[in-house]
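S.K.: any chance you can model this:
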Amino acid sequence: MLTSTDNSSVSDDLSLKSKARSRSATVGTVAVMAASLSMLVSCNSPARRGEMPRGTVSYLARNNQSLDLGDGGERFSPTLLDVTGKTVFLLGEVHGFAEIKDLDLALLKYLHRTAGVRFYLMEEGPSHAWFINRYLATGDEQMLDVIFTDPTLRGTFGWTREHRTFWKRVRVWNDSLADKERIGVVGVDVEHQPATAAACLRRLLPDAAPPAGISDPIHRIIQFAASTDFKSEGIVAKAVLESLATNRSDYAAYLGDNLFDFELVTCNLRKAYEYYTTPRGAAKRGRKDEIREQACFEAFKRVQGRVPEGRFYGCWGHAHVSQRRFENLDWLATLLNGPESPVTGKILSIWTLYEDGRRMWPDSQRRRYVVDSFSSELEQVRPFTRVARSRVTLFRLTGPGLPFAQQPYLVPQPCDGGGTTNYFQYLILLRGATPTTPLEVAQ
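M.R.: This is a model prediction of the structure:
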């Protein structure tokens with residue numbers, strides 16, 4: 001999870017060998033594990049690796065394209081991805097690699113051209129998206145400062161030079177587009193950074209005094225935003241949501257067009273409190289992770305309901321982009337592709353593999369960052385490295401004669417059966433990827 005202060009989840013950071021506890025707890029000893037794709041495990045059955053489909057290497061040799069990230073994807077082939085009928089595009093990464101942000105921006109531009117994507121779906125809370133949208137519209141870097149000076153962002157994968165620079169590059173590109181072609185940013189994750197959420201809620205309030213019926217919860221927000229101790233976010237968010245449920249007309253009159261953002265941030269602030277205060281328990285996956293994934297899904301449905309024809313692209317940790325259940329959990333893309341989703345059958349997921357890379361990760365006390373070697377498991381990456389011709393290569397796993405639809409290769413323990421392409425449809429191999437740079441080093 002890019003900006004999460006709970007590094008106990010190995011779904012996004014597949015190299016975490018030991019578990020952390022909570023926002024204020026330690027991360028535990030972190031060590032690199034081979035096999036970024038070995039996370040698809042634990043469905044209450046013995047580990048069993050999918051057999052390599054017959055003809056895999058010859059198929060991959062016919063279905064790959066080298067990607068040049070130097071020009072921001074301008075020379076990507078129009079047929080790079082089959083976007084027909086798709087409205088949500090997700091790139092799954094292992095956090096800590098600098099090249100991912102180059103790939104992220106290149107895919108955003110490509111899908112803007114070829115698939116009509118107009119919304120960047122970020123693995124961060126709605127308040128982050130609110131400040132990013134203000135930055136894109138005005139160029140005021142104080143909007144970025146609110147995010148990157150939040151003390152709880154420090155020590156996460158999001159507190160890097162590449163992350164901040166990414167938004168500067170997005171703004172330059174966005175400004176070059178016609179008004180109607182420009183993108184907006186959507187945040188659906190829980191509010192991992194309560195100070196940023198508080199700052200957003202405060203800015204959404206008008207200067208005028210609130211109606212008497214909602215005066216108390218509004219003043220709670222003002223006090224919360226002025227505080228330096230943000231441990232009361234759960235209580236404040238709960239009080240506001242209860243008040244909103246019974247006094248919606250007062251909030252609508254008071255907040256006007258800001259009501260939607262106000263409610264979305266408050267809901268995900270409450271969900272963040274539930275997420276961080278729920279014990280992980282003995283099971284690898286449980287209620288704690290369900291809270292977060294369901295919160296992301298519910299927030300997406302709210303946003304998508306306002307732009308039903310909208311098309312979205314985002315870069316998330318590996319697990320979130322899987323369209324089938326694994327580790328006994330329905331992840332974001334699983335829910336997006338499920339029966340209760342408005343975009344069922346319209347998801348395209350892209351996985352990533354790594355060879356001879358070096359990545360950055362937070363140390364056990366989250367007081368400094370460490371760089372170490374990282375490669376995906378040799379057995380799994382070998383068929384791809386045999387045919388890859390460049391540092392960054394995209395492989396199409398779907399199409400005529402596809403072996404990946406028949407067997408769950410790369411999926412050691414698929415919970416819902418099916419083939420690899422039921423989980424993701426494309427794969428990108430990155431060779432020699434380099435680590436991201438923490439902001440304290442960059443300054």
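
S.K.: looking at it, Asp82 is touching Leu402, isn't it?
M.R.: No: using C-beta atoms under 8 Å, Asp82 is not in contact with Leu402; the gap is 12.0 Å. The C-beta positions use only the backbone N, C-alpha and C, and glycine is treated the same way.

S.K.: please enumerate the strands of this protein.
M.R.: For the chain, the strands defined by DSSP state E occupy 64-66, 88-93, 119-122, 184-187, 312-317, 347-355, 357-362, 369-374, 392-396, 426-431.

S.K.: would you format those strands as TSV with mean pLDDT, mean neighbour count and distance to Gln193 included?
M.R.: Conversion of those to TSV gives the following (pLDDT from 0 to 100; neighbours: other C-beta atoms under 10 Å; distance: least, C-beta to C-beta, whole Å):
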stretch	mean pLDDT	mean neighbour count	distance to Gln193
strand 64-66	95	16	37
strand 88-93	97	26	20
strand 119-122	98	24	13
strand 184-187	98	22	11
strand 312-317	98	25	17
strand 347-355	96	24	25
strand 357-362	94	23	15
strand 369-374	94	17	18
strand 392-396	96	21	31
strand 426-431	96	22	28
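
S.K.: quick one: closest of those strands to Trp130.
M.R.: strand 184-187 (7.5 Å; C-beta to C-beta).

S.K.: alpha carbons of that closest one, as CSV, please.
M.R.: Only the C-alpha atoms of strand 184-187 are listed here, as CSV (Å, rounded to 0.1, in the frame of the first residue of the first chain):
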residue,chain,number,x,y,z
GLY,A,184,-9.1,14.3,-13.0
VAL,A,185,-7.7,12.3,-10.0
VAL,A,186,-9.8,10.0,-7.9
GLY,A,187,-8.8,8.6,-4.5
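
S.K.: each with direction, which strands does that strand pair with?
M.R.: strand 119-122 (parallel) (DSSP bridges).

S.K.: ok, now how distant is the nearest residue to Leu264 once chain neighbours are set aside from Val170?
M.R.: Nearest residue to Leu264, sequence neighbours excluded (C-beta to C-beta, 6 or more residues apart in numbering): Pro126, at 4.5 Å. To Val170, Pro126 is 18 Å away according to C-beta to C-beta, to the nearest Å.

S.K.: who has more neighbours out of these two?
M.R.: Of the pair Pro126 and Val170, Pro126 is the one with more neighbours under other C-beta atoms under 10 Å, namely 29 against 20.

S.K.: which residues touch that one?
M.R.: 186-188, 191, 200, 261, 264-265, 268, 299 (C-beta atoms under 8 Å, 6 or more residues apart in numbering).

S.K.: who has more neighbours, Asp82 and Leu402?
M.R.: Leu402 (18 against 13).

S.K.: looks like the more buried one contacts Thr420 (just checking).
M.R.: No: using C-beta under 8 Å, Leu402 makes no contact with Thr420, being 9.2 Å away.
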